[in-house]
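S.K.: I'll drop the sequence and a predicted model, then ask my questions.
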Amino acid sequence: MNFDVTVFWNALVSYPFFEGACITLLLALASHSVGIVLSIPTALALEGRPNFARSLLRGVVSIFRGAPTLLQLLFVWNALPQFFPVFREAWFTPFIAAWIALSLNEAAYQVEINRASLKSLDKGQLAACHALALSPWQTFRYVVLPQVARIAIPPTANEFITLLKITSLASVISLQELMAVTSQTVSSTFQFTEYYAVALVYYLVMVYTLSWLQSRLERRLSWEQREETSQINNPGLVQRTLARMRRA
Amino acid sequence: MNEMILLEHVGKSFGDFQVLQDINLSVALGEKIVICGPSGSGKSTLIRCINRLAPHDTGTIIVEQQDVASKQGGEHVRREVGMVFQNFNLFPHLSVLDNCTLAPMKVRGLPKSEAEELAMNYLRRVHISEQAHKKPCQLSGGQQQRVAIARALCMNPKVMLFDEPTSALDPEMVGEVLEVMTELALDGMTMLCVTHEMGFARKVADRVVFMDAGRIVEIAPPTEFFDNPQHARSRAFLSQISH
């Protein structure tokens, strides 16, 4: 095995790789935020009996879900400037193009997560709000949103982790995110393993940090009383051992 | 006319199925009505139509001289009529106190301190004030239902609707909820209660409404209804339930 640890380490702490990882993270955060903001009213609008407007909205969402992400990225970067002169200006960088494409793509997936979470809400909650004379906005803001948001956390966090890795597609439109930096460094030095390992370390660190944040968030927002009962029902190892010794 | 609630020729169908047929009923201020009958007789649908949780198809429902089918009447009935559900429907993410103060604060515009005082008052009335800062998942079924009753009372309704309030409770907890409902009745609340608790009906009801297959079969004071039912269907029902 010819793994050169010095090369690996130098690359790991070097600025280009770090910057690439930051761009990856930033792009994912920016795209998912916009995607979530777009998906909430869309999911709410799709609730109810099918009509022409809803079917149209459904159709638009399914285009963004159905088309490959790579295709959407290439379309935004190459085709939009052809149709609209505003995209030929200098502000339209690969990052902006990737941001637009990934936001729309993520919004479409997030709509499905939102709809599933909304459906899982107990209908009795809405009946109680009706009986208490809460307005539709009050019902959404104080009863529906807090509950649905909690339900949506695991699939949304999952979606974000996927998005983090999908950002690597933006390398084809010459965005200098982590995979682009890795590929370019490899192609100039031909030392595959060391640089791939660096990219792997960065991705894993980001994903594990996010998973940890997710479980912290879930536990903090949970309204089930799990901590108290576990203290009562699960004596520690020392106590269990002492109890066994007493019985013996 | 000083009826609180008036139903005239009310009908409702789900597709081909007629769930309510030609319902006529009038409820006076302070009256306690118990609605009983076999499953599927339309009892729950009837009270859900009163507070516009479900829209009726034919006939009129008037609550405090306002037609619930109108926009203004619909809003009015939601504010003035409280409802307690079989499955409690408490807000699981809010504490008991917050469950009770949400509507008074947002709908009636009460400031937080006043709303909390009001809520604690009603929580004391249903004998559960010491649990005010717990979440619903930490309470038993009977306790949750009492919180639900307090929550409905915090809107100071003129009428309380109960949709099988004790049907989802363990037998030991039924008593504590019925006790609260009895106290409420004795304090003069106008109540419509769908229930299978015949003991409660005997003790508290001014009139018993017996429904079957979407129609009102018989309306009578409890002593007459239980001891001397007029219709064959009522007699059959009563013999079934008192075995």
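M.R.: That came through fine.
S.K.: pop out the phi and psi values for B:Ile23.
M.R.: Backbone geometry at B:Ile23, expressed as degrees, to the nearest 10, gives phi -90, psi 130.
S.K.: helices or strands next to the helix or strand bottoming out on mean pLDDT in chain B in the packing?
M.R.: Taking mean pLDDT, DSSP states H and E as the measure, the helices and strands of chain B show their lowest mean at helix B:232-241, namely a mean of 87. Packed against helix B:232-241, as judged by 3 or more Cβ pairs under 8 Å, 6 or more residues apart in numbering or on different chains; DSSP states H and E, are the following elements: strand B:207-212, strand B:215-220. No exception for glycine: its C-beta is placed from N, CA and C like everyone else's.
S.K.: in chain A, which residue is closest to the centre?
M.R.: A:Phe160 (1.3 Å; Cα atoms, centre = their mean).
S.K.: for it, which three-state class applies?
M.R.: helix (DSSP: H, G, I helix; E, B strand; the rest coil).
S.K.: who's in contact with it?
M.R.: A:Ala28, A:His32, A:Leu210 (Cβ atoms under 8 Å, 6 or more residues apart in numbering or on different chains).
S.K.: mind doing that once more with 6 Å?
M.R.: A:His32 (Cβ atoms under 6 Å, 6 or more residues apart in numbering or on different chains).
S.K.: any idea how far it lies from chain B?
M.R.: According to Cβ to the nearest Cβ, to the nearest Å, A:Phe160 and chain B sit 23 Å apart.
S.K.: quick one: name the residues of chain A near chain B.
M.R.: Neighbours of chain B within chain A, by Cβ under 6 Å from any Cβ of the partner chain: A:124, A:127-128, A:130-133, A:138, A:142-143, A:146-147, A:223-225.
S.K.: did I read that right, B:Asp22 in a strand?
M.R.: Yes: assessed with three-state DSSP, B:Asp22 lies in a strand.
S.K.: now do the helices in chain B.
M.R.: B:43-50, B:71-80, B:96-106, B:112-125, B:141-153, B:171-186, B:198-204, B:222-227, B:232-241 (DSSP state H).
S.K.: please, where are all the helices along chain A?
M.R.: With helices called from DSSP H, chain A shows them at A:5-12, A:15-45, A:52-66, A:69-74, A:80-83, A:94-119, A:123-131, A:136-138, A:145-166, A:178-189, A:192-221, A:226-233, A:237-247.
S.K.: dump stretch A:15-33 to CSV, restricted to CA.
M.R.: Taking C-alpha atoms only, stretch A:15-33 is exported to CSV below (Å, rounded to 0.1, in the frame of the first residue of the first chain):
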residue,chain,number,x,y,z
TYR,A,15,-6.7,26.0,2.1
PRO,A,16,-8.1,24.9,-1.3
PHE,A,17,-9.6,21.7,0.1
PHE,A,18,-11.0,23.6,3.1
GLU,A,19,-12.4,26.3,0.9
GLY,A,20,-14.0,23.6,-1.3
ALA,A,21,-15.6,22.0,1.7
CYS,A,22,-16.9,25.4,2.8
ILE,A,23,-18.4,26.1,-0.6
THR,A,24,-20.0,22.6,-0.5
LEU,A,25,-21.6,23.3,2.9
LEU,A,26,-22.6,26.8,2.0
LEU,A,27,-24.3,25.8,-1.2
ALA,A,28,-26.2,23.0,0.5
LEU,A,29,-27.4,25.3,3.3
ALA,A,30,-28.4,28.1,0.9
SER,A,31,-30.2,25.7,-1.4
HIS,A,32,-32.0,23.8,1.3
SER,A,33,-33.1,27.0,3.1
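S.K.: and the contacts of that stretch?
M.R.: For stretch A:15-33, contacts defined as Cβ under 6 Å, 6+ apart pick out A:11, A:98-99, A:102-103, A:106, A:160, A:163-164, A:167, A:177-178, A:181, A:198, A:202.
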